[in-house]
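Asker: quick check, what structure comes out for this input:
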Amino acid sequence: MPDYLRRRLLMAMALSPLLPVLRSQAAQSVDISRIITLEWLPTELLMALGVAPMGAAELHNYQLWVGEPKLPASTVDVGLRTEPNLELMIQMKPSLILYSSGYGPSRDKIASIAPSHGFPFSDENGKPLTMARKSLMQLGELIGREPQAEAHLAGYDAYVAAAKTRLASRVNRPLLLMTLLDTRHALVFGKGSLFLEVMETLGIENAWQGETNFWGSAVIGIERLITMDDVDVLCFDHGDSGITQQVTSSALWLAMPFVRKNRFQRVPQVWFYGGTLSAMRFCRMLDSALGAK
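Answerer: As a prediction, this is how the structure comes out:
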């Protein structure tokens, strides 16, 4: 072995007993009452550990598109997820800023305000829920909440296992998940989505087998839904009752096979790009909407 490699190996071995201490010191340096989240995935990760953010982005839209977990009334709105109010954030003096990797302002801009950490939406295999579990453990380690992270994941696994048992008697019919964007377009979910990973665990077939993007979703013309025949359809609400009323009263919509067979339901919002809390909310929604149907 070359001398320089031997020296690096010996140094790594010497430092290894110190790693838990270094991690503990890093966690102690984070004041968990002064954390800002710039995107809703890290907001959810933090809330899963029992910590509410001091500030978060787009609180109004959070209520429309995410809904749960509820944020405290004291949470400061720091602006858009793509363009947060950096001046306000500087004044708030956060101990840590959490963001979604590749989304929003540059890492350098965020790091100039406070220590920061980013979380990817998905992994190389298109498994966002798997990635969210890893991210939760990373965050737990970062802020000294590893026991809470482990307890949450154990609770999640038990919750999903119970949901699978309750949904086992449901008719084995493919399920289409969608939300309306305007009177002509819908967002549907398939390969690479948080929902698909949950549905695979529950043993539910996903009806959308078409194209998807990195986020596991696709924007399509509503007319393409006419091909969906023997399926159940759940449409996520996000304060879009006006659009829904226009779409569902149209001749095209009334001709949809799933509408004629009374297999269409509107359901409360669930964040499409979240983590374990969104997945649990999704399970509750499935249980309520479908049950043994």
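
Asker: so what touches the helix or strand containing Val247?
Answerer: Per DSSP states H and E: Val247 is located in helix 241-248. For helix 241-248, the external contacting residues (CB atoms under 8 Å, 6 or more residues apart in numbering) are 180, 182-183, 222, 235, 237, 253-254, 259, 266. Every C-beta, even on glycine, is put in place using the N, C-alpha and C of the backbone.

Asker: just stretch 163-173 next, same as before
Answerer: Counting by CB under 8 Å, 6+ apart, 201-205, 230-232, 263, 283-284, 286-287, 290-293 sit against stretch 163-173.

Asker: and with 10 Å instead?
Answerer: Residues from elsewhere that reach stretch 163-173, judged by CB atoms under 10 Å, 6 or more residues apart in numbering: 198-199, 201-205, 207, 230-232, 263, 279-280, 282-284, 286-287, 290-293.

Asker: just the buried ones from those?
Answerer: If you count burial by 16 or more other CB atoms under 10 Å, the buried members of the contacts of stretch 163-173 come out as 198-199, 201-202, 204, 207, 231-232, 263, 279-280, 282-283, 286, 290.

Asker: ok, those vs Asp31, which is closest?
Answerer: Among the buried ones among the contacts of stretch 163-173, Met280 lies closest to Asp31 (CB to CB), at 28.2 Å.

Asker: now the closest residue to the closest one other than its chain neighbours: phi and psi?
Answerer: Excluding the flanking residues, the one nearest Met280 by CB to CB, 6 or more residues apart in numbering is Tyr159, at 5.6 Å. Main-chain torsions, Tyr159, degrees, to the nearest 10: phi -60, psi -50.

Asker: same check, this time on Asp77
Answerer: Note on Asp77: its backbone torsions stand at phi -80, psi 120 [degrees, to the nearest 10].

Asker: what about the residue lying closest to Ile226 once chain neighbours are set aside, neighbour count?
Answerer: Spatial nearest neighbour of Ile226, excluding adjacent residues (CB to CB, 6+ apart): Met256 at 6.0 Å. Look at Met256: counted by other CB atoms under 10 Å, it has 21 neighbours.

Asker: residues contacting Met256?
Answerer: 222-223, 225-229, 233, 248, 250, 263-264.

Asker: let me have the residues you listed in CSV, adding distance to Leu129 as columns.
Answerer: Formatted as CSV, the contacts of Met256 follow (distance: CB to CB, whole Å):
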residue, distance to Leu129
Ile222, 28
Glu223, 31
Leu225, 26
Ile226, 31
Thr227, 28
Met228, 25
Asp229, 29
Val233, 22
Thr248, 31
Ser250, 35
Arg263, 26
Phe264, 26
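
Asker: quick check: ChimeraX command selecting the buried ones in those residues.
Answerer: Those of the contacts of Met256 that count as buried under 16+ other CB under 10 Å are selected in ChimeraX with:
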select :222,225,228,233,263,264
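
Asker: and which of the contacts of Met256 is nearest Pro69?
Answerer: Set against Pro69, the nearest of the contacts of Met256 by CB to CB is Val233 (26.7 Å).

Asker: got a pLDDT number for that closest one?
Answerer: With respect to pLDDT, Val233 has a value of 97.

Asker: so it sits against Leu180, correct?
Answerer: No - in this structure, Val233 is not within contact of Leu180 by CB atoms under 10 Å, at 11.6 Å.
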